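# Predicted structure and sequence below. I'll ask about it afterward.
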Amino acid sequence: MQFNGLKNFPTGIPAVFSSLKKAEIPLFLLVLSVQNCLFPLIFAPAYSVCQGRIINLKSFNVATKFSKETYLYWYELMQLIRQFESMAEEKYKMEGKIRGFFHAYIGQEAIAAGCMTATRQDDPFVTGYRDHGLALAKGMSANACMAELYGKATGVAKGKGGSMHFFGVEQKFFGGNGIVGAQIGTGAGLAFAEKYKGTDNVSLTFFGDGAARQGMLHEVFNLAMLWKLPAVFICENNNYAMGTSVERSSNVVDIYKLADAYEMPGDSIDGMSAEAVHEGVARAVKRAREGGGPTLLEIKTYRYKGHSISDPQKYRTKEEVEEYKQRDPIQQVLSTILTKKYATQEEIDAINKRVNDTVEASVKFAEESPWPDDSEVLKDVYADKNYVFDVD
Ligand SMILES: Cc1ncc(C[n+]2csc(CCOP(=O)(O)OP(=O)(O)O)c2C)c(N)n1
Ligand SMILES: [Mg+2]
């Protein structure tokens, strides 16, 4: 037969069907049914194993029902993050007491909440510059965090780092990093360190949808899988990298699928639900703790505020923001608490007051704290004594 080009081949079932003789039709139907029914049955298990994200993760049994204490913890933590940032933003915009970069986590709090209940205090976290929420979640004090925003000596980075560089060795919070995507490598390093030391701790690395497009991610995924590092890579997909939507930055909009190239399990999670975050992260953490290696989780979330404090937000509509606010993670948790009668309205008011007092106290602490001494300027700066490019 002479090859006449693809356009001469009958394509699709209707085309084949119309080219058949009457007597051939029953046989064709038989072949079709075998192909559609038996083929998936025979090959589905193998297929599912290839698609590690389907089989591997769901087979890790984790809690899917949560206690009253868990809901109350989630509620208080998420309120603390939101109230802390709202207050800091006010001090920034209205009073000019905070300066420099400032990226709010408001809207994304369920990620911090779910990750905290799915991990242990010893599991290290590292993130980008949108770091206030995770730092507070890890247990860094509101006082020291607010003082850092004010640039005071009592801050978490001695007032020298500001909003983007929160850091707490004791809490195993490794920043706070301004270079988009750089923390992906640091997170793998943290996981490597835990494995090297023989602990069963698991590192959680948080990065944005924009950071997911950095080359760093691919090199790290390759080695993390090769060495089966105890790592969970969490892409906080809030739809935008500054003003660039996920759709405008890549052909691949399901970011969890980036894991497929490295045969790393991946999953997509509703980031407006603390329950869903806990469940997904707990599975990945369990897998990593048991020596199974890394996982990529794409947690779909939304930031209510602009990229940073000075963002006119021309790239999205007010309606879009409102739509997400209808699924607000704090309101969802509150509604469960009230429906299940885990707390009365008075008890909720008491939590709100406690949060409010903590935030107010942090402002007082920051305002009354001293500025860093001039002698601090060159301290805590790494310098290689033998750096070959030094010029006197
Ligand atoms: C290597 C690098 N490139 C560019 C920037 C400038 N920049 C700062 S934030 C940002 C967007 C990142 O968005 P995403 O990763 O989605 O995180 P999000 O801000 O949404 O949390 C960019 C491009 C940077 N800080 N570092
Ligand atoms: Mg983003």
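Noted; the coordinates are in hand. Ligands and ions are numbered 1, 2, ... in the order given.
# Check what pLDDT whatever residue of the stretch 101-250 of the chain ends up closest to ligand 2 gets.
Per Cβ to the ion, Gly208 is where the stretch 101-250 of the chain lies closest to ligand 2, at 3.6 Å. (Glycine included, C-beta is placed from N, CA and C.) Here, the pLDDT recorded for Gly208 equals 98.
# now the one 5 residues further on
Confidence at Arg213, expressed as pLDDT, is 97.
# and the residue of the stretch 101-250 of the chain closest to ligand 2, bridged to which residues?
Beta bridges link Gly208 to Glu236, judged by DSSP bridges.
# Could you report the neighbour count for it?
28 (other Cβ atoms under 10 Å).
# for Lys353, same thing?
As a burial measure, Lys353 scores 10 neighbours (other Cβ under 10 Å).
# Which strand or helix spans it?
Lys353 is part of helix 345-368, with elements assigned from DSSP states H and E.
# List the buried residues for that helix?
The neighbour-count check on helix 345-368 (16 or more other Cβ atoms under 10 Å) flags Ile348, Ile351, Val355, Thr358, Val359, Ser362, Val363, Phe365, Ala366 as buried.
# now stretch 317-337
Those would be Tyr324, Asp328, Pro329, Ile330, Gln332, Val333, Leu334, Thr336, Ile337, for stretch 317-337 by 16+ other Cβ under 10 Å.
# Quote the end-to-end distance of it.
End-to-end distance for stretch 317-337, by Cα to Cα, to the nearest Å: 32 Å.
# does that stretch come close to ligand 1?
No: contact of stretch 317-337 with ligand 1 (Cβ under 6 Å from any ligand atom) is absent, the minimum separation being 13.7 Å.
# hang on, the earlier thing: could I get the buried residues of helix 345-368 as TSV with distance to ligand 2 and pLDDT?
TSV is the format used below for the buried residues of helix 345-368 (distance: Cβ to the ion, whole Å; pLDDT from 0 to 100):
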residue	distance to ligand 2	pLDDT
Ile348	31	98
Ile351	30	98
Val355	26	98
Thr358	28	98
Val359	26	98
Ser362	27	98
Val363	29	98
Phe365	31	98
Ala366	28	98
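# what does this protein have sitting close to ligand 2?
Applying Cβ under 5 Å from the ion, we find that the chain lies next to ligand 2 at Gly208, Asp209, Asn238, Ala241.
# ok, now which ones touch the third one?
What it means is Asn238. Contacts were defined as Cβ atoms under 8 Å, 6 or more residues apart in numbering; by that measure Asn238 touches Gly107, Gln108, Gly208, Asp209, Thr301, Tyr302, Arg303.
# circling back: farthest-separated two in the buried residues of stretch 317-337?
Across these, no pair lies farther apart than Tyr324 and Ile337, at 21.1 Å, counting by Cβ to Cβ.
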